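Peer 1: A structural model of the following input is requested.
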Amino acid sequence: QSKCATKPFSTSQNRASELLELVHTDVCGPIRRSAGGSQYILTFVDDMSRYVFVYFLKHKSEVFEKFKEFKIFAERQTGCPLKAIRSDNGTEYTNNAFQKYVKECGILHQFTVPYTPQQNGVAERFNRTLVEMARCMLVGANLSEYLWAEAVNTAAYLRNRSTTKALEVMTPYEAWYKRKPVVSHFKTFGSIAYALNKKPKGKFEAKGKKYVMVGYDSAAKAYRLFDLATKGIIVSRDVSFIEPSISKECASVELEILECNEAEVNDNNIEVANNSLSDYESAQEENEEESDIQRIGPGRPKLVRSGKPGRPKKEYHLLNLLCDVDIPNTVDQAMASEYADEWRKAMREEYQALLDNETWNLVDLPENEKVIKCKWVFAVKKNKEGEINRFKARLVAKGCSQIYGVNYTDTFSPVVRYSTIRIIFALAAEYELYLHHVDVSTAFLNGKVDDDIYMAQPEAFVSRDHPNKVLKLKKALYGLKQAGRQWNVKLHEILVKIGFKQCVTEPCVYTKHHGDKINLLAVYVDDLLIASSHKQELQFIKQQISKYFQVVDKGPVELFLSMEVERNGEKGAIAIRQKGHIKQLLQQHNMLECRPIATPLDAKQQINCIDSECKRVDKQEYQSLIGSLLYLALCTRPDIMHTVCKLAQQNSEPHSEHLAAAKRVLRYLCFTTDFALRYYKTGSSIQCYADADWGGESFERKSYTGYVFLLAGCAVSWESKKQSTVALSSTEAEYIALSSAAKEVMFLKQFLEEIKQHCIDKIVIRGDNLSAIHLVKNPVYHTRCKHIEIRYHHIRDMYNKNFIDLEYCSSKDNIADVLTKNLSKLNHNDFVNKLGLRK
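Peer 2: Numbering: from 1, shown residues only. The predicted structure follows:
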């Protein structure tokens, strides 16, 4: 009897495997009244996701009503039933009404043993975490204790969006909502904030008012701000911040630091926070928060050694989700950086992979042979959210020192066209094909070298025993002029060997059909996009490829050539966008906080600046910006194609007017960051629209051609191009545009017939000029058309052979209009929507 002691508590090994399978709950209080009058905190923590819901109560008797509110909300949002809850023996949980309700709902109610809070450790520890976070925020911001509710609410908001040991590399938000959280809008708690005053009393009254940021209102996608004058809380989205900030003005409000016993956590000594306007976090938050000033992440954590076993090593990139890693250019820079260990590890992995692949032999340099040098190239690999997956180091040969005819000859290597990739996406949506992504690791090293190439030993890996020897390459190392070609030859050989057939019209697409099974494979260097009608067939193809190459099976495609891919299930509608690339571009040009605009260029604006007095700008900066915009226009953004093509014509001598117009495109992209090309099952065939803007170029008076092809309800191929000749009439300009579209028709018709193995109906080209259509069908208007170049008349031959047909459509229905001229906001938005480009 005299030696009784508490038995040790073992760590639970039975974690919930589903949402709402088990929910931990606890009540904290009483606490000093908050700004909203609350004295208690009620928390619900989902065991599987560790997502915490926080409710604030004036009386303990409100627990039952809040529990019912939580149950309805959680079950509706997740689609999962609440199966069990775990709580202490407080009367707020054991009363008759509460017990009757859980029994009626079939919910198992687990209780802790009296005076044993360890059995409800998840909820107890969460309370302590929220309290400590809230205390730090209040003290750091020099705010009064009566704002504890706002601080705890913010702590819960941040905790749900932070990584946790229980989930390893996933946040509770992602586990609960099945999508990545948005963190770009995070601001320092207690920062000085200036909110827009939308109801000024006078003409010259200040447009902004000073506040202190005390939290987030996800239901309104806005910030919660503390008014220093009225001591009230407002919600606003039009806010400018000054970070970091410690508000001295708030010091006049009495500050009482919250106390919490480190050794013991129970209902009586935990003091936490409240949100007087919002009782729980909204599930309606979308990934469309406004971008804010770049945050600087933590530095390298200090390594502390002790005799105790350490925690499992975490992925370091989790500490740097919001950081930009400076990419070193040399080994010395890499070793001097704060990420030296990561770069060193990446170099060792690359070097070992080269040795395992038998890439070279260590030999003496023969007489009269030239040695080419090599270098290390560093990079970080990120996912579609911009989070760092791994550090990458690649050893490349300096192929610039190779000599044609001596150590290389042919170098050409094809890649799949962007329009072809979009066609495969469209076909996958239309015919409900599975779509997976496979990446071939160290792809170029699979190609054999036919020439004698000698390379110097790589820096940091020079043989101590044979420092004067060189490496005779056996495999096509990255950087060699022929490396891409040799890899493509090897890949083609293997794909043919496993039963694929190369397309004639698109050499980077391979088909493998038998019976009702459709298999397509597109190649972009070492990225393989595989579409298949049968999942077993898809897995078999990946297994066959993995027999010959070391591959990374990325499963259903999510990120391909910087195109972010979202799909409704494995065989549903497909959306592709480049949101990450756009945000990176905005950040690069310091335009994350720019004022968005609804059109890429004003309908009346001309950008042909020929005035010698116009201020010239940095050519390299301008060309870099235009190149990035052109990449977007070619991949997923046909809505900016015409504007970017006009701006690209100024690359040789850009002026300030041109740069301003280019930055207006960035403002438009900021406004439409979430826009995506959306493909879905329609049951209709391919559609084509062609148009021309006669004399649209104000200086040379040349016309612009535009055409667009739609499949699966969305654009798959488009072009905006200035015509090479001056058209003498709108008929001639439209005739040339129809001819350009007809060339693309020929490619699409042949390609679709190849991959579908049957002839398709003739494709209809729609235009808004009857004279041009008549000119195609009959050689009329001879005196007005005899000067048209012969090459444009091939459209007549295609029409006579029934490859194409032509139909008239009104200008308001001609989607290609957006590819030939700048439009008003209303017309632009209408045509962009018809392109299939929308949120």
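
Peer 1: so residue 33 makes contact with residue 57?
Peer 2: No - with the criterion set as Cβ atoms under 8 Å, residue 33 and residue 57 do not qualify as a contacting pair; they are 11.6 Å apart. Backbone N, C-alpha and C define where each C-beta goes, glycine included.

Peer 1: give me the distance between residue 617 and residue 655.
Peer 2: Applying Cβ to Cβ, to the nearest Å, the value for residue 617 to residue 655 is 7 Å.

Peer 1: oh sorry, the question was meant for residue 67
Peer 2: When distance is defined by Cβ to Cβ, residue 67 is 66 Å away from residue 655.

Peer 1: same question, residue 148
Peer 2: Distance from residue 148 to residue 655, by Cβ to Cβ: 57 Å.

Peer 1: do the same with residue 797
Peer 2: Distance of residue 797 to residue 655, computed by Cβ to Cβ: 44 Å.

Peer 1: same deal with residue 388?
Peer 2: Residue 388 sits 39 Å away from residue 655 when distances are taken as Cβ to Cβ.

Peer 1: likewise for residue 731?
Peer 2: 35 Å.

Peer 1: okay, residue 617 and residue 655: which has more neighbours?
Peer 2: Neighbour comparison, residue 617 and residue 655: the larger count goes to residue 655, with 20 against 17 (by other Cβ atoms under 10 Å).

Peer 1: can you get me a residue count around the residue nearest to the more buried one when sequence neighbours are not counted?
Peer 2: Nearest in space to residue 655, with sequence neighbours left out and distances taken as Cβ to Cβ, 6 or more residues apart in numbering, is residue 614 at 4.0 Å. Each residue near residue 614 was counted by other Cβ under 10 Å, and the total is 14.

Peer 1: residues touching residue 614, list them.
Peer 2: With contacts taken as Cβ atoms under 8 Å, 6 or more residues apart in numbering, residue 614 has the following neighbours: 655-657.

Peer 1: redo those as CSV? Include pLDDT.
Peer 2: Shown next, in CSV, are the contacts of residue 614 (pLDDT from 0 to 100):
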residue, pLDDT
655, 88
656, 87
657, 88
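
Peer 1: okay if I get those residues as TSV plus secondary structure?
Peer 2: As requested, these are arranged in TSV below (DSSP: H, G, I helix; E, B strand; the rest coil):
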residue	secondary structure
655	strand
656	helix
657	helix
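
Peer 1: any shared contact partners between residue 33 and residue 57?
Peer 2: Between them, residue 33 and residue 57 share the contacting residues residue 39, judged by Cβ under 8 Å, 6+ apart.

Peer 1: surely residue 439 is within a strand?
Peer 2: Yes - assignment of residue 439 by three-state DSSP places it within a strand.

Peer 1: re the thing from before, so which of the contacts of residue 614 comes closest to residue 607?
Peer 2: Taking Cβ to Cβ as the measure, residue 657 is the one of the contacts of residue 614 closest to residue 607, at 6.3 Å.

Peer 1: if I look at the closest one, how far off is residue 598?
Peer 2: Using Cβ to Cβ, which is the criterion applied here, residue 657 is 21 Å from residue 598.

Peer 1: over to residue 476?
Peer 2: Taking Cβ to Cβ as the measure, residue 476 and residue 598 are separated by 49 Å.

Peer 1: in terms of neighbours, single out the busier of the two.
Peer 2: For residue 476 versus residue 598, neighbours defined as other Cβ under 10 Å are more numerous around residue 476 (27 against 13).

Peer 1: wait, what's in contact with the more buried one?
Peer 2: Under the criterion of Cβ under 8 Å, 6+ apart, the contact partners of residue 476 comprise 444-449, 482-483, 486-487.

Peer 1: can I have the buried ones of those as a ChimeraX selection?
Peer 2: Here is the ChimeraX command that selects the buried residues among the contacts of residue 476 (16 or more other Cβ atoms under 10 Å):
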select :444,445,446,447,449,482,483,486,487
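
Peer 1: let's have the contacts of residue 476 in CSV, adding distance to residue 159.
Peer 2: Conversion of these to CSV gives the following (distance: Cβ to Cβ, whole Å):
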residue, distance to residue 159
444, 45
445, 45
446, 47
447, 50
448, 54
449, 55
482, 54
483, 48
486, 52
487, 47
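
Peer 1: narrow the contacts of residue 476 to those in helices?
Peer 2: When helices are assigned by DSSP state H, the members of the contacts of residue 476 inside them are 483, 486-487.

Peer 1: quick one: buried residues of stretch 162-177?
Peer 2: For stretch 162-177, a neighbour-count test (16+ other Cβ under 10 Å) marks 163-164, 171-177 as buried.

Peer 1: which among the residues you listed gets closest to residue 581?
Peer 2: Top of the list for closeness to residue 581, among those and by Cβ to Cβ, is residue 174 at 21.8 Å.

Peer 1: can I take it that the closest one is in a helix?
Peer 2: Yes - if the criterion is three-state DSSP, then residue 174 is within a helix.

Peer 1: can you report how many residues neighbour the nearest residue to it once chain neighbours are set aside?
Peer 2: The shortest distance from residue 174 to any residue other than its chain neighbours is 5.7 Å, reached at residue 180 (Cβ to Cβ, 6+ apart). By the criterion of other Cβ under 10 Å, residue 180 has 18 neighbours.

Peer 1: hmm, residue 180 is touching residue 161, no?
Peer 2: No - here residue 180 lies out of contact with residue 161, judged by Cβ under 8 Å, at a distance of 9.5 Å.

Peer 1: mind checking how far stretch 547-565 is from the chain centre?
Peer 2: How far stretch 547-565 lies from its chain's middle: 15 Å, per Cα atoms, centre = their mean, to the nearest Å.

Peer 1: export only the CA atoms of that stretch, formatted as CSV.
Peer 2: The C-alpha trace of stretch 547-565 is given here as CSV (Å, rounded to 0.1, in the frame of the first residue of the first chain):
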residue,chain,number,x,y,z
LYS,A,547,13.3,-3.1,-67.4
TYR,A,548,15.5,-1.0,-69.7
PHE,A,549,15.8,2.4,-67.9
GLN,A,550,15.9,3.6,-64.3
VAL,A,551,12.6,5.5,-64.1
VAL,A,552,10.6,7.5,-61.5
ASP,A,553,6.9,6.6,-61.8
LYS,A,554,5.1,9.8,-60.9
GLY,A,555,1.6,8.2,-61.3
PRO,A,556,-1.3,10.3,-62.6
VAL,A,557,0.2,13.4,-64.2
GLU,A,558,0.3,16.4,-61.9
LEU,A,559,3.1,18.5,-63.3
PHE,A,560,4.4,18.2,-66.9
LEU,A,561,6.8,20.8,-68.4
SER,A,562,5.7,23.3,-65.8
MET,A,563,2.0,22.7,-66.7
GLU,A,564,0.0,21.9,-63.6
VAL,A,565,-2.5,19.2,-64.3
